[in-house]
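>>> Just a sequence and a predicted model for now, questions to come.
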Amino acid sequence: MAKTSKHRPPAAAHQIFILEDHPVFREGLAQIVGGEKDLDVCGTAGTAAEAFSKIALNKPDLVLVDLGLPGKSGLEFIKEIRTSDRTIKLLVISMHDEALYANRVLRAGGDGYIMKQENPEEIVHAIRDVLGGHIYVSEEVMANGAKESSIKPPKAKARPLDQLTDTELEILESLGKGRSNQEIARQIRSNARTVASHCARIRRKLKLKTDNAVIRYAVCWVESGNA
């Protein structure tokens, strides 16, 4: 007697949430991800504050996170979500310099880092890689010390910016974008005096002589496309 075949129901698609403040790029990502049979976009947000409530409601398997968000940065978002959820996967997709930020993202609790200029196929590959329990970074960063579970700092001599804390780096970028100390204070949920103290430490670490020199450095860094 012939055996009857049993058809397995199709596996449920992985639920992906997109946290990206640029509407055009956010929509483009949604189309790329939603076009895959095994991936489904369960929600999107333009700010970290908006994302928290939506993520709690939609319970995604993975969040695509931009770093340059208004208000709370992508790094701060990763740190905060990790205090309550260790299972959700967090993949950063950003224009920021990977060599400078990948280590910071993984230390904060992220699971991978991919640049926005990568082709759609590589972005989908990165998503699937992270969903599979792996750390995703570029081959260049991997060659500088990436491990399956973490990334170690490169053995090469650290650049001056590597000395900055995550908050100091965020402040430097904000200065380069023309924001005042008061605006930065609201951004990092602090006060102008604390921002000034951070700026003094940035000045010392970068071996710059004046506050104006810090601002010039920040502007040049941002305009170079490395921020």
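Received the coordinates, thanks.

>>> Tell me how many other residues crowd Ala126.
Neighbour count for Ala126, taken as other C-beta atoms under 10 Å: 24. From N, CA and C alone the C-beta is placed, and that goes for glycine too.

>>> Tell me if I'm right that it and Ser138 touch.
No - between Ala126 and Ser138 there is no contact under C-beta atoms under 8 Å: 9.7 Å.

>>> For these two, list the residues in contact with both.
Residues touching both Ala126 and Ser138 (C-beta atoms under 8 Å, 6 or more residues apart in numbering): Ile114.

>>> all strands of this protein, in order?
Ranges of strands in the chain, per DSSP state E, are 14-19, 39-45, 62-65, 89-94, 112-115.

>>> okay, those strands, which one's buried deepest?
Among the strands of the chain, strand 62-65 has the highest mean neighbour count (mean count of other C-beta atoms under 10 Å), at a mean of 26.

>>> That one: how far from the chain's middle?
With C-alpha atoms, centre = their mean, to the nearest Å as the basis, strand 62-65 stands 9 Å off its chain's centre.

>>> which residues are contacting it?
14-20, 29, 33, 51, 55, 74, 77-78, 81, 88-93, 110, 127, 130-131.

>>> ok, back up a step: and the strands of the chain as TSV, adding mean pLDDT and distance to Thr165?
Formatted as TSV, the strands of the chain follow (pLDDT from 0 to 100; distance: least, C-beta to C-beta, whole Å):
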stretch	mean pLDDT	distance to Thr165
strand 14-19	97	23
strand 39-45	96	26
strand 62-65	98	19
strand 89-94	96	18
strand 112-115	94	19
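
>>> How is the protein partitioned into domains?
14-143, 160-223 (automatic domain parsing).

>>> how distant is the first one from the center of its chain?
If I follow you right, that is domain 14-143. On C-alpha atoms, centre = their mean, the centre of domain 14-143 falls 6 Å from that of its chain.

>>> Equivalent analysis for the last one, please.
The chain centroid and the centroid of domain 160-223 are separated by 19 Å, computed with C-alpha atoms, centre = their mean.

>>> That domain: end-to-end distance?
18 Å (C-alpha to C-alpha, to the nearest Å).

>>> so which of the strands of the chain gets nearest Val222?
Closest approach to Val222 among the strands of the chain (C-beta to C-beta): strand 89-94, 14.0 Å.

>>> Tell me what angle the closest one forms with strand 14-19.
Angle of strand 89-94 versus strand 14-19, following axes from the mean of the first three to the mean of the last three C-alpha atoms, to 10 degrees, is 40 degrees.

>>> what's in contact with strand 89-94?
20, 29, 61-68, 74, 78, 81-82, 101, 105, 109-116, 123, 126-127, 130-131, 136.

>>> if we go to 7 Å?
61-68, 74, 78, 101, 105, 109-116, 123, 126-127, 130-131, 136 (C-beta atoms under 7 Å, 6 or more residues apart in numbering).
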